[in-house]
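Participant: The following comprises the amino acid sequence and a computationally predicted model.
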Amino acid sequence: MTRSQKKEDPSKLLSNSGLNIKPSGIREFFDIVYNMKDCVSLGVGEPDFETPWRISDTGINAIREGLTHYTPNRGVPELLELISGHLHDRYNVDYVPDREILVTMGVSQALDLALRSIINPGDEIIVIEPCYVSYAANIELVLGVPVIIPTYFNEGFRIDPDRLKKAITPKTKAILLNYPSNPTGLSYPEELLREIAEITQKNNILVISDEIYSAISYGKPHFSIASVPGMKEWTIVLNGFSKSHAMTGWRLGYAAAPEFIMDIMLKIHQYTGLCAPSISQYAAIEALQHGERDVERMLVEYTRRRNYIAKTFNDIGLPCLYPEGAFYAFPDITPTGLTARDFALKLLEQYKVAVVPGNAFGESGKNHIRCSFATSMDNIKTALERIEAFVKSL
């Protein structure tokens, strides 16, 4: 009997890579939260601010003016020019707009294109944990191998250069960085980034640098590893508008990379995405031209919340490093004697506060919880009062 004649279970036709990917550790908790009344959530990783009116109005006007058609695959030329200028002015890196920049459907697509462009089956990508939940999964989906380097609270969640050197093998293709970090809120100082750059250059490996939270930095301005002499040719920079301009739903990001990499990313983009949404691109033009005051206003409020949440966690007895960027606190719940999952579940069930267990971001986050302060100060205060009561009850 031929295959076409034999009745089989159609589920056997699913891909191994799809079957083997673990579901997001974040979604489990939000499925519970959605059905729970009076729950205060510190779990959502997106700004609570509305998209600034001038940006939204520009998007609305784009619809009214009929700017709703396909754009060039790479992106609207005016937006490419503005991104190039922004990267030069803010991070001291020069990219040619029509050769080295690509506008994407969020940073998630930019990461996917970057990985597809460089990975052959079995190639290794070094990932620093705790990290965003999709990194390892995205690598595995294109048949790469994530090589995990853990970081820890007592190290400030920073990479140990010796650990990095030991993780490099002949199969290593790139290291994936994210700073400021989701979930820890910590960043990397310039001197450490220069050391990482030296290691990667000596070993001829690429850097994929996810800098989506770069505009939300407290204290020192963000330093891009691509600005280190000689690193631009070895770096794929990922960034976008979701976090900086409160534009998560607009789904707009971009990648900047040397032309030989960008050519491949663009080809894949032509077949899988065609172009980023036209309306979002015109809104982003307004964001880069006139949105700096909005970014600064949001940063002032994030700073206020950051100071409050970090201090209060330490006062409660849950050690917490002060975030250096992004809008996440990552307190250590070891003093409670609970695992991160048990802590999060009990807190949710008994005190109706949603946080994300740190092990969702890798094993080295197992003694932590991620708490987003991209919510109102009233919500933060209520949540922390309940967390304090919960900790005391233990």
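Facilitator: That came in fine, so what should we check first?

Participant: ok, and what's touching stretch 288-295?
Facilitator: 52, 54-55, 79, 82-83, 85-86, 215, 244-246 (Cβ atoms under 8 Å, 6 or more residues apart in numbering). Quick note: C-beta positions are derived from backbone N, CA and C, even for glycine.

Participant: Any buried residues in that stretch, and which?
Facilitator: Neighbour-count burial for stretch 288-295 flags 288, 291, 294-295 (criterion: 16 or more other Cβ atoms under 10 Å).

Participant: Could you do stretch 159-170 as well?
Facilitator: 159, 164, 167-168.

Participant: returning to that earlier point: just the contacts of stretch 288-295: which are in helices?
Facilitator: Filtering the contacts of stretch 288-295 for membership in helices, criterion DSSP state H, returns 54-55, 79, 82-83, 85-86.

Participant: quick one: the strands in the stretch 201-350 of the chain?
Facilitator: Assigned by DSSP state E, counting those that start in this stretch, the strands in the stretch 201-350 of the chain fall at 206-210, 235-240, 253-256, 328-329.

Participant: Dump these to JSON lines, plus mean pLDDT, mean neighbour count and distance to residue 377.
Facilitator: Below are the strands of the stretch 201-350 of the chain laid out as JSON lines (pLDDT from 0 to 100; neighbours: other Cβ atoms under 10 Å; distance: least, Cβ to Cβ, whole Å):
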{"stretch": "strand 206-210", "mean pLDDT": "98", "mean neighbour count": "24", "distance to residue 377": "28"}
{"stretch": "strand 235-240", "mean pLDDT": "98", "mean neighbour count": "26", "distance to residue 377": "26"}
{"stretch": "strand 253-256", "mean pLDDT": "98", "mean neighbour count": "28", "distance to residue 377": "29"}
{"stretch": "strand 328-329", "mean pLDDT": "98", "mean neighbour count": "27", "distance to residue 377": "14"}
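
Participant: show me where pLDDT drops low in the stretch 1-150 of the chain?
Facilitator: Scanning the stretch 1-150 of the chain for pLDDT under 70 picks out 1-6, 25, 27-35.

Participant: what about 50?
Facilitator: Applying pLDDT under 50 to the stretch 1-150 of the chain flags the ranges 1.

Participant: Domains in this structure, by residue range?
Facilitator: 10-51+293-393, 68-290 (automatic domain parsing).

Participant: of those, which approaches residue 59 most closely?
Facilitator: domain 68-290 (3.9 Å; Cβ to Cβ).

Participant: Mind listing residues that contact stretch 152-169?
Facilitator: Here stretch 152-169 makes contact (Cβ under 8 Å, 6+ apart) with 124, 126, 128, 130, 147, 149, 151, 175, 181, 184, 186, 188-189, 192, 195-196, 199, 203, 205, 319, 321, 330, 332, 364, 367-368.

Participant: For the buried ones among these, write the corresponding ChimeraX selection.
Facilitator: In ChimeraX, this line selects whichever of these come out buried by 16+ other Cβ under 10 Å:
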select :124,126,128,130,147,149,151,175,181,184,186,188,192,195,196,199,205,319,321,330,332,364,367,368
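
Participant: contacting residues for residue 230?
Facilitator: Residue 230 touches 197, 201, counting by Cβ under 8 Å, 6+ apart.

Participant: wouldn't residue 327 be in contact with residue 306 here?
Facilitator: Yes. At 7.3 Å, residue 327 counts as touching residue 306 under the criterion of Cβ atoms under 8 Å.

Participant: With neighbour numbers in mind, choose between those two.
Facilitator: Under the criterion of other Cβ atoms under 10 Å, the comparison of residue 327 against residue 306 puts residue 327 first, with 28 against 23.

Participant: Look up how far residue 276 lies from residue 323.
Facilitator: Going from residue 323 to residue 276 by Cβ to Cβ, to the nearest Å gives 30 Å.

Participant: How about residue 126?
Facilitator: 29 Å.

Participant: cool, residue 267 as well?
Facilitator: 16 Å.

Participant: So which of those two has more stuff around it?
Facilitator: residue 276 (29 against 14).

Participant: show me where the stretch 51-200 of the chain has strands.
Facilitator: Under DSSP E, counting those that start in this stretch, the stretch 51-200 of the chain gives strands at 101-104, 124-129, 145-150, 172-178.

Participant: Redo those as TSV? Include distance to residue 42.
Facilitator: Output for the strands of the stretch 51-200 of the chain, formatted as TSV (distance: least, Cβ to Cβ, whole Å):
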stretch	distance to residue 42
strand 101-104	29
strand 124-129	21
strand 145-150	24
strand 172-178	20
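
Participant: Residue 16 is nearest to which of the ones you listed?
Facilitator: With respect to residue 16, and counting by Cβ to Cβ, the nearest of the strands of the stretch 51-200 of the chain is strand 145-150 at 14.2 Å.

Participant: Run a quick neighbour tally on residue 44.
Facilitator: When neighbours are counted by other Cβ under 10 Å, residue 44 registers 17.
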